[in-house]
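Enquirer: build me a model from this:
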Amino acid sequence: MLITREELAAIKEQAAAEYPNECCGVILARGAERRHVPCRNVQDQMHARDPITFPRTARNAYYMDPIDALRLNRLADEGFAFAVIYHSHPNAGAYFSETDRGQALIKGEPAYPGAVYVVVSVVGREVKALAAYRWNAERRVFDRADTGDLDPAEPAVSRRLLAAAERRIPGGVNSPVRAFRSVGGEPRFVARAEGARLWDADGRAYLDFVGSWGPLVLGHAPRAVVEAVTAAAAGGTSYGAPTRQEVELAEAIATAYPSMELVRLVSSGTEAAMSAIRVARGATGRDLLVKFDGCYHGHADSLLVKAGSGGATFGIPDSRGVPSALAALTLTLPFNDLEAVRALFGARGSEIAALIVEPVAGNMGVVAPAPGFLAGLREVTAQHGALLIFDEVITGFRVAYGGAQELYGVRPDLTCLGKIIGGGLPVGAYGGRRDVMDHVAPLGGVYQAGTLSGNPLAVAAGLATLRALEDRKAYARLEALGARLERGLRDAADKAGIPFALNRVGSMLTGFFCAGPVRDYADAKTADTARYARFYHGMLDRGVYLAPSQFEAAFVSLAHGEDDLDHAARAAADAMAAAV
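Expert: Below is the predicted model:
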């Protein structure tokens with residue numbers, strides 16, 4: 001037993017009562033006797049008295065009342081030991097953070113090696129998740145101590161799966177955003193999906209607006225795609241050799257994207273962007289890369305870079321493990337700031353190999369290009385002999401059959417595509433001008449290879465998906481559905497009387513909880529993420545599945561119907577009213 005039912009109830013009550021502040025407390029034990037000591041957080045009072053010594057930061061979110069500290073010391077003198085130390089994470093997940101670890105250790109050793117640390121996720125005065133951690137002396141880390149059974153409330157199966165996953169998978173997930181850390185609570189483990197809905201391991205259905213992060217434009221498990229994959233699997237799952245179908249897919253891509261005169265299939269969007277950048281450097285003989293703050297192009301080292309103190313002068317790593325020397329080769333600018341682009345190229349244009357951009361930003365939330373921005377990028381890069389790379393991993397075959405370059409009438413030198421060309425299966429592609437792609441091995445000296453490139457299952461799914469979209473009638477339908485969802489969300493925000501800026505391009509959209517307008521990452525970061533967390537859980541409780549982050553897109557698919565969007569609008573009206 002880690003905590004009793006009565007202790008659990010008291011901890012949950014305290015965490016909800018002290019929200020949005022962080023709460024803390026201790027359960028002490030002496031033999032069979034247990035004492036629960038809720039501790040008072042006086043950080044607000046201390047900050048008001050001395051804001052320099054007691055700043056409002058994550059590391060200083062809690063300051064225990066000295067009276068409580070004295071009480072705990074007296075109990076320790078009486079023979080009580082620290083059995084449980086708990087604290088809450090307001091609007092964040094129930095995980096043992098780096099800050100938590102730092103506060104639990106003294107010179108690398110646990111202050112209370114026998115204690116269990118319980119973290120409580122609280123959103124909108126509701127406890128959404130709990131997790132327990134214990135020091136592992138052999139591995140010298142804090143390991144998950146419970147099996148997802150601290151709280152018997154739903155979703156019980158997902159909760160147990162997460163606890164098991166944390167023992168074998170970093171953070172319990174295979175991609176960080178899935179962990180729910182920015183919205184609180186814990187992820188739902190998906191059991192199956194069909195059409196516009198998915199079902200979690202507890203059997204609950206959700207109307208899905210994530211769509212595997214964009215590629216499922218036809219919805220989940222469309223018959224044509226399932227049949228194509230099934231037929232392909234019967235002939236073998238992987239060859240590591242050329243096939244007729246990959247030629248057909250390359251032809252279909254080049255027909256839709258005239259800028260992609262030669263196409264190379266790869267296995268992910270990250271691989272496509274990484275390879276396109278290598279080709280650009282090889283073709284130009286230059287080293288520098290320009291990207292935009294808030295745009296995500298995968299997790300390759302050159303791309304995990306944020307703006308340094310010098311702005312466009314140099315980049316600094318945005319992840320541990322990225323060498324500073326490599327990050328310095330990537331220059332970061334504000335999205336939609338064409339004058340900053342012109343100034344940078346005016347100063348260093350002869351050193352720049354390429355500029356890479358999401359033509360419609362999707363990874364800071366949806367942000368459309370300002371009028372003339374993309375055309376201006378085309379002009380500036382051409383003037384200085386640099387290559388223009390459109391990362392259409394999200395927008396490709398989504399905002400138009402020919403992607404954002406068709407929608408805005410701007411032709412890049414290189415294009416990156418992602419999972420939509422595989423019907424949601426792992427695949428990507430990069431391609432562009434023939435004279436540039438001629439540098440790719442085996443034609444040229446830029447090496448790139450992959451055993452699973454052109455995998456027959458992904459290619460079969462991609463061909464089935466593109467055939468369903470090629471008459472282009474689907475895009476009028478997607479536009480109408482996207483507009484209907486936009487109206488419903490705007491109406492909900494108006495009724496709730498809360499600041500709300502909604503950006504939409506076709507069937508992809510983001511509602512930012514701020515006054516707006518949102519034109520770049522700096523604007524996006526003004527959004528109220530705590531309110532988004534409350535809204536997110538309000539929608540989840542009403543059976544609507546959104547991205548567990550304010551800075552992501554929602555996607556409408558052809559499987560959604562008008563009734564689905566009206567249901568989402570009604571859910572949003574209730575969730576926004578509760579999130580005020």
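Enquirer: bridging residues for residue 502?
Expert: Per DSSP bridges, the residues bridged to residue 502 are residue 511.
Enquirer: please list all residues in contact with it.
Expert: 486, 489, 490, 493, 509, 510, 511, 512 (Cβ atoms under 8 Å, 6 or more residues apart in numbering). C-beta coordinates here come from the backbone N, C-alpha and C atoms, glycine included.
Enquirer: in space, what's closest to residue 569 - neighbours in sequence excluded?
Expert: Of all residues not flanking residue 569 in the chain, residue 488 sits nearest, at 2.6 Å (Cβ to Cβ, 6 or more residues apart in numbering).
Enquirer: tally of neighbours for that neighbour?
Expert: Residue 488 has 19 neighbours, counted by other Cβ atoms under 10 Å.
Enquirer: in the helix or strand that contains it, what's buried?
Expert: Following DSSP states H and E, the helix or strand that holds residue 488 is helix 473-496. Residues of helix 473-496 classed as buried by neighbour count (16 or more other Cβ atoms under 10 Å): 474-475, 478-479, 481-486, 488-490, 492-493, 496.
Enquirer: care to break this structure down by domain?
Expert: As assigned by automatic domain parsing, the chain contains the domains 5-179, 191-220+473-578, 243-469.
Enquirer: who's in contact with the closest residue to residue 464 other than its chain neighbours?
Expert: Closest residue to residue 464 apart from its sequence neighbours, by Cβ to Cβ, 6+ apart: residue 228 at 4.0 Å. Residue 228 is in contact with 423, 460, 461, 463, 464, counting by Cβ under 8 Å, 6+ apart.
Enquirer: go again with 10 Å.
Expert: Residue 228 makes contacts with 222, 245, 423, 457, 459, 460, 461, 462, 463, 464, 465, 467, as judged by Cβ atoms under 10 Å, 6 or more residues apart in numbering.
Enquirer: average model confidence for whichever strand or helix holds it?
Expert: Taking DSSP H and E as the definition, residue 228 sits inside helix 223-234. Helix 223-234 shows an average pLDDT of 98 in the prediction.
Enquirer: also stretch 326-346?
Expert: pLDDT averaged over stretch 326-346 gives 96.
Enquirer: report the contact partners of the most centrally placed residue in the chain.
Expert: Nearest to the centroid of the C-alpha atoms of the chain, with distances taken as Cα atoms, centre = their mean, sits residue 177, at 4.2 Å. Residue 177 makes contacts with 183, 187, 213, 547, 548, 549, 551, 552, as judged by Cβ under 10 Å, 6+ apart.
Enquirer: can I get these in a markdown table including secondary structure and distance to residue 134?
Expert: Formatted as a markdown table, the contacts of residue 177 follow (DSSP: H, G, I helix; E, B strand; the rest coil; distance: Cβ to Cβ, whole Å):
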| residue | secondary structure | distance to residue 134 |
| --- | --- | --- |
| 183 | coil | 26 |
| 187 | coil | 22 |
| 213 | coil | 34 |
| 547 | coil | 32 |
| 548 | coil | 27 |
| 549 | coil | 29 |
| 551 | coil | 33 |
| 552 | coil | 33 |
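Enquirer: now do the strands in the stretch 151-300 of the chain.
Expert: Ranges of strands in the stretch 151-300 of the chain, per DSSP state E, counting those that start in this stretch, are 190-194, 197-200, 205-208, 262-266, 288-292.
Enquirer: winner for burial among these?
Expert: strand 288-292 (a mean of 25; mean count of other Cβ atoms under 10 Å).
Enquirer: partner strands of it and their direction?
Expert: With DSSP bridges as the test, strand 288-292 is paired with strand 330-333 (parallel), strand 352-357 (parallel).
Enquirer: format those as a markdown table; extra columns: distance to residue 435 and mean neighbour count.
Expert: Converted to a markdown table, the strands paired with strand 288-292 look like this (distance: least, Cβ to Cβ, whole Å; neighbours: other Cβ atoms under 10 Å):
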| stretch | distance to residue 435 | mean neighbour count |
| --- | --- | --- |
| strand 330-333 | 25 | 24 |
| strand 352-357 | 15 | 25 |
